[in-house]
Structures are given as structure tokens and as C-alpha cells.
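[1] predicted model and sequence follow; I will ask about them next.
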Amino acid sequence: MAEAITPRSQDYSQWYTDVILRAEVADYAPVRGCMVLRPYGFALWENIQQGLDKRFKATGHQNAYFPLFIPQSFLQKEAEHIEGFAPELAVVTHGGGEKLEEPLIVRPTSEAIIGYHYSKWIKSYRDLPVLINQWCSVVRWEMRTRMFLRTTEFLWQEGHTAHATFEEAEAETRQMLDVYDDFAAKEAALPVLKGRKSDSERFPGAMTTYTIESMMGDKRALQSATSHNLGQNFAKAFEIQYLDRQNELQHCWTTSWGMSWRIQGAILMAHGDDQGLVLPPRLAPIQAVIVPIYKEEVDRTPVLEAARRLKKSFEGSIRIHLDDREEHTAGWKFNEWEMRGVPVRIEVGPKDVAKNQVVLGRRDMPGKEGKKFVSQDGLTAAVQALLDEIQTNLYNKALKFREDNTREPKNYDEFKEAVAESFARAWWCGNAECEAKIKEETKATNRCIPLDQETSKSGGMCIYCGKAAKEKAIFGRAY
RNA sequence: CGGAGAGUAGCGCAGCCUGGCUAGCGCGCUUGGUUUGGGACCAAGAGGUCGCCGGUUCAAAUCCGGCCUCUCCGACCA
């Protein structure tokens, strides 16, 4: 009997850690807060990268690469930026056995170094817009770490763009938020709330920060990507300027936007169950696994031949794996691949070979309920259809879960109750003090001010102070 | 960084209080055989700087000090 995964109801955190380690997604590294992404986890990351990258290209962006080290002085050019990041910087003071003249920062994000280069590259309105993305890792010295959600070093992509006008920059910021939303919904099967961050939750140096927020299996919120309109703050700090048509010098308007491997944590926590991972078909490293079953030696060859033939028929259209290991029984393999989140299992036994059929099992429906007999003719199309169905089902399940766990409290007492075990959508006056008090008294933070406000005529009263409020915000406990 | 817990074979743990000579157990691993429609069984094996450094002692997994890492709760945080 293999070691069991801690049930989610017993200890959600432990479940999360168990699943990651046992499914061989990632492992701890010897350095505090650092993590090894194992092949299975990296394959998932590669699929995430592809899903995002093709969307970035489709919206006109190009990839580039900027260096890991940033001169300390660069970071200090934007006051709010340095203040925001100072406590979590890794600083290199020595190189080649010598003390460095100027310490180097290991990038916590690349606005500074990219801003420096943009100021060199951009001279004219004809050079705009500049639309660049980079895939890299960054380092932020975290006090308290957690696999994928908050690690010292993490993989991500950061887009950095420069524009001639505020309107263009704002449109870019919102466009990329939509790209993240689309990716989350279609690829990761994650329903997200699109919204604006309050001032206290804003990116250091940004004018406006937009976010997508998702709900995890324990009803806590996870910021899953952000898109920032940086205004002219960085353009002024780094002198990113261009000559407009009237031959007048103007500062650019810049944006930045990022999604990190934290999204993998979101996928694990939003879809997983007590058996382990449940991966959305579009991102799953293995979309379907074939498990051959044979009792008598005489059945072995025909079953394996059928399994190999099926595998071949899937190649090129579905990410398929044939588990023909001799050392494990079929039942053991069922459990193993369920734990690792493979969406579809294809069982082939002697009876199936005789009847030209297979048994399809779906990961999102455990047990007999999710099993059915399917003819081997046209199996590829049947599996493809099943994968699509699972993808949709996962999204709908997650959406229903979030909606079932989002409340609209009428007063602060109801709010306190709501926020202890769900999201709460409530009027908020915009005052940072109310936010801070709410956090202090309930541990819930202002996740975002949703963009899809039903612009109801008059507004309402702030859930905390009772003063006039124009917008509703989502509050919840967050990672 | 504060409070609490943990670190002994790949994994999970016992042993520590009350120091003692070859450090155990379950799972996994290796070999051979029987097995395979929801985590098979038998037999024989391999595998350990007891997290690291130092101290006490004739003798340390065990007692003392320091450090590292992980987990949980706080503070802090894109």
C-alpha cells in the first residue's frame, strides 16, 4: 500500500504539499524557499508557456531577454518602486573574489533594466509602440514561502510595452488582462474575476494595477496574473522619451504584465481532489494513458499489441502515454495516474480486444460513473470529444464553486461571517483605512474592484464606514 | 523576523525521557518464482556520516550549545 495523500478536509495545506511531492511535480531545493520543477511539472509549465506565448504573438508582441543582474542605482530611480521592493531584494556584493564597486541586484522584476534600454531605443513616435515580452525567472526574498505560490525564485513571463499616449497604454493593459482571462478560462479551466487593485494592493510604481483573481478549493483567493498601467512614472524615471509629430519631446506611457508559475498552484488547488491532481486536458502533460490488462499469459501479446496500435493511432493528435510496465498491476496504475491527474484513462483487456472496444475512464468523475465502453473505431475522435467535455466540466465546476461561495452581505456583521468562509462582494468607499481595518478585524483583504460593475445608478454605503460608495469590491482571505 | 512542531535507509515512522557494544519496523528497491478488469503474494537480499558543526563523557541517535532546512500560526509581501 502506497502512502496516502492527506484528505483536503483534514488539512488543506498538507494535501497541497503531498500532491505536489507525490505526483512528482516539484521538489524542495536545499536553499530556503527554492524549488525544483521536476519533468512532469516542467511539462505542465511548457504547455502553459505555449498557451500564453501564442496569445502574446497574436497580439503583436515579440520575445527578448534582459539580464539577471541590475545595477543597484537603476532600481533607485523610481521612488515607489524601490521602496516597494527594497525589503525583498537579493544583492550581489562580490564577484570574481573581489568586492564590487556597485552592488548588483538580482532582478525582482525588470522594469528598471528594461526602462534603461527603452530610453536608448526609443527616439521617435515612429519607434512606438514597443511590445516586448520575456520569459525568465526573478528573485524575491520572501519571509514565508510556499511551493509555487510564493517562492524565492520563480519562473514567469513579464511583458513590457511603451506607447505614445495614455489611451494606448491603457488599452494595452486591458488587452493583456483579457489575454490572461482567456488563457485562464480556456486552457487552465479557471474562472477568474477581472478587476482593479486598490491603491494599497497596487504594484509599486504603477498608476493602475489590474488583476485576475481565482478561488482555490479552500475558498481562498489567489492573484493569478497582473497587468499594470505604469503611466509615465517609469518613463520619467528612466527618461524614455520620443519626439512627436510636432517635433516636441514627450515621455512615453509604459505598461507591464506578468503571469508566473503560481498559476500552476492555482490549477492544482482549483481542480484537485482527495485522489490527487486533476489537470485540465489542454494543459495536461499526458492527456490520456493506456493501461493494458491481462490475466493469462496467452492474453498478453494480443492485449499489448492492441495497446501499441492504439497508442500509434493517437500520436500527433493527443498527448498519449502507454503504461506497459510489468512491475505494477492494472489497479495500481489506475491509482497512480489518477493521482497524477491524467484526464482520460484507456483500459484495454482481453475482453476489449475480442469486442474491438476499450474502457474509457474520466478523471473528473471517479469510479464506475466515469467509465464507459467505447468502440476502437473512431476512438481518437471519441477521446478528443471526451477531453473537451472534461475541460468544460472542470471550468463549470470551478465557476459554480466560486459562485456558491460568493456572498453579498448587507451589513458588517454579515460581512464578517461571509468573509470567514467565502468571498464577499460589498460596497467600498475607496478609503484605504476601511480596507486596513477590515483586514485587521477579519484577515480578509480587498482582492479587487471587479470591472463588470453593474453600474447601478446611485451606489451604496461602504460596508465598513457606511459612507457613500460608488463601487463594490471583492473581499476574501488570500494566499 | 516572533511563537509552535519536525529532521533517524528512497518514503512513513519507532528508539531519545533513564547514554552502552551488530540502530529497528512498515512500504518501496534488487533477484527468483507465482500473479494482473481498482493500490497482488512468497522467499532471499541490498541499502544508514541518526540534518550540520562543536561540547560533555570511558562511551552520544540519546545530554548541552550554535547553525541549516521543512511544516503550521503570526508580522511582511506582485
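    Looks like it arrived, so ask away. Computed from a predicted model, the values in this text were never measured in an experiment.
[2] tell me where the stretch 351-479 of chain A has strands.
    Applying DSSP state E, counting those that start in this stretch to the stretch 351-479 of chain A gives strands spanning A:357-362, A:371-375, A:406-407, A:423-428, A:445-450, A:460-461, A:468-469, A:471-476.
[3] and the fourth one, which strands flank it?
    As defined by DSSP bridges, the strand partners of strand A:423-428 come to strand A:406-407 (parallel), strand A:471-476 (antiparallel).
[4] returning to what we had before: nearest to A:Ala284, of the strands of the stretch 351-479 of chain A?
    strand A:357-362 (12.3 Å; CB to CB). The C-beta positions use only the backbone N, C-alpha and C, and glycine is treated the same way.
[5] just give me the neighbour total for the closest residue to A:Ile267 other than its chain neighbours.
    What sits nearest to A:Ile267 in space, not counting adjacent residues and going by CB to CB, 6 or more residues apart in numbering, is A:Ala188, at 5.3 Å. Using other CB atoms under 10 Å, A:Ala188 is surrounded by 28 other residues.
[6] hmm, A:Met269 and A:Ala188 touching each other?
    No: the pair A:Ala188 / A:Met269 is not scored as a contact, 11.5 Å apart, by CB atoms under 8 Å.
[7] flag every residue of the stretch 351-479 of chain A that's near RNA strand B.
    Counting by CB under 7 Å from any atom of the strand, the stretch 351-479 of chain A comes close to RNA strand B at A:Lys351, A:Asp352, A:Val359, A:Gly361, A:Pro366, A:Gly367, A:Lys371, A:Lys443, A:Ala478.
[8] quick revisit: for the residue nearest to A:Ile267, what are its contacts?
    For A:Ala188, the contact set (CB atoms under 8 Å, 6 or more residues apart in numbering) comprises A:Ile48, A:Ile263, A:Ala266, A:Ile267, A:Pro280, A:Arg282, A:Leu283.
[9] rebuild those residues as a markdown table, extending it with secondary structure.
    Formatted as a markdown table, the contacts of A:Ala188 follow (DSSP: H, G, I helix; E, B strand; the rest coil):
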| residue | secondary structure |
| --- | --- |
| A:Ile48 | helix |
| A:Ile263 | helix |
| A:Ala266 | helix |
| A:Ile267 | helix |
| A:Pro280 | coil |
| A:Arg282 | coil |
| A:Leu283 | coil |
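[10] can I get the residues you listed in JSON lines with neighbour count?
    Below are those laid out as JSON lines (neighbours: other CB atoms under 10 Å):
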{"residue": "A:Ile48", "neighbour count": "23"}
{"residue": "A:Ile263", "neighbour count": "27"}
{"residue": "A:Ala266", "neighbour count": "27"}
{"residue": "A:Ile267", "neighbour count": "28"}
{"residue": "A:Pro280", "neighbour count": "26"}
{"residue": "A:Arg282", "neighbour count": "21"}
{"residue": "A:Leu283", "neighbour count": "25"}
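[11] how about those residues, which pair is most distant?
    So, those by CB to CB: farthest apart are A:Ala266 and A:Arg282, at 14.7 Å.
[12] by neighbour count, which of the residues of the stretch 351-479 of chain A next to RNA strand B wins?
    Counting neighbours by other CB under 10 Å, the top entry in these is A:Gly361, with 26 neighbours.
[13] secondary structure element holding the residue nearest to it when sequence neighbours are not counted?
    Distances taken as CB to CB, 6+ apart place A:Arg345 nearest to A:Gly361, at 4.1 Å, with adjacent residues excluded. Per DSSP states H and E: A:Arg345 is located in strand A:344-348.
[14] out of the residues of the stretch 351-479 of chain A next to RNA strand B, which one sits closest to A:Gln134?
    A:Ala478 (27.0 Å).
[15] much appreciated, bye for now.
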